[in-house]
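S.K.: A structural model of the following input is requested.
(one chain, ligands or ions: 1)
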Amino acid sequence: MARIVIHEDKAPFKLEIGGETKKICMCGLSKNKPFCDGSHNQCTDEEEGKVYDYFNGERLEIEREERDEEE
Ligand code: FES
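M.R.: Model prediction:
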């Protein structure tokens, strides 16, 4: 089974652990999850209400099918 997850955050969550600041990926693009690797810089100019897919360093806008809330 596979699924698509939509992330709307464009920056990491900063977490203090033992006096160190850890950055947790919230954009979904990091190749070093759960930690941020700076990949969120690719999505900072995304337009509100649009959905994008990132593949091999390219960004594609994809059609978003509206789903009935009662499904
Ligand atoms: S928040 Fe995802 S790479 Fe930085």
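
S.K.: check contacts around the residue lying closest to residue 64 once chain neighbours are set aside.
M.R.: The shortest distance from residue 64 to any non-neighbouring residue, by Cβ to Cβ, 6 or more residues apart in numbering, is to residue 51 (4.5 Å). In short, each C-beta sits where N, CA and C put it, glycine included. Contacts here follow Cβ atoms under 8 Å, 6 or more residues apart in numbering; on that basis residue 51 touches 6, 61, 62, 63, 64.

S.K.: between these, which is closest to the ligand?
M.R.: Using Cβ to the nearest ligand atom, residue 6 is the member of those that lies nearest the ligand, at 13.8 Å.

S.K.: let me know the pLDDT of the residue positioned nearest the centre of the chain.
M.R.: By Cα atoms, centre = their mean, the chain has its centre lying nearest to residue 27, at 2.3 Å. Looking at residue 27, its pLDDT is 97.

S.K.: near the ligand, which residues of the chain?
M.R.: 11, 12, 25, 26, 27, 29, 30, 36, 37, 38, 39, 40 (Cβ under 6 Å from any ligand atom).

S.K.: most neighbours among those, which one?
M.R.: residue 25 (22 neighbours; other Cβ atoms under 10 Å).

S.K.: how about it, nearest residue that isn't a chain neighbour?
M.R.: residue 36 (4.7 Å).

S.K.: hang on, that neighbour packs against residue 28?
M.R.: No: checked against Cβ atoms under 8 Å, the pair residue 36 and residue 28 is beyond contact range at 10.8 Å.

S.K.: which residues are common contacts for those two?
M.R.: In contact with both residue 36 and residue 28: no residue, using Cβ under 8 Å, 6+ apart.

S.K.: returning to what we had before: list the contacts of the residue nearest to residue 25.
M.R.: 12, 23, 24, 25, 26, 27, 30.

S.K.: mark which of those residues are part of strands, please.
M.R.: 23, 24 (DSSP state E).

S.K.: how about the contacts of residue 36 in TSV, adding distance to residue 47?
M.R.: What follows is those, written out as TSV (distance: Cβ to Cβ, whole Å):
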residue	distance to residue 47
12	21
23	25
24	25
25	21
26	19
27	15
30	22
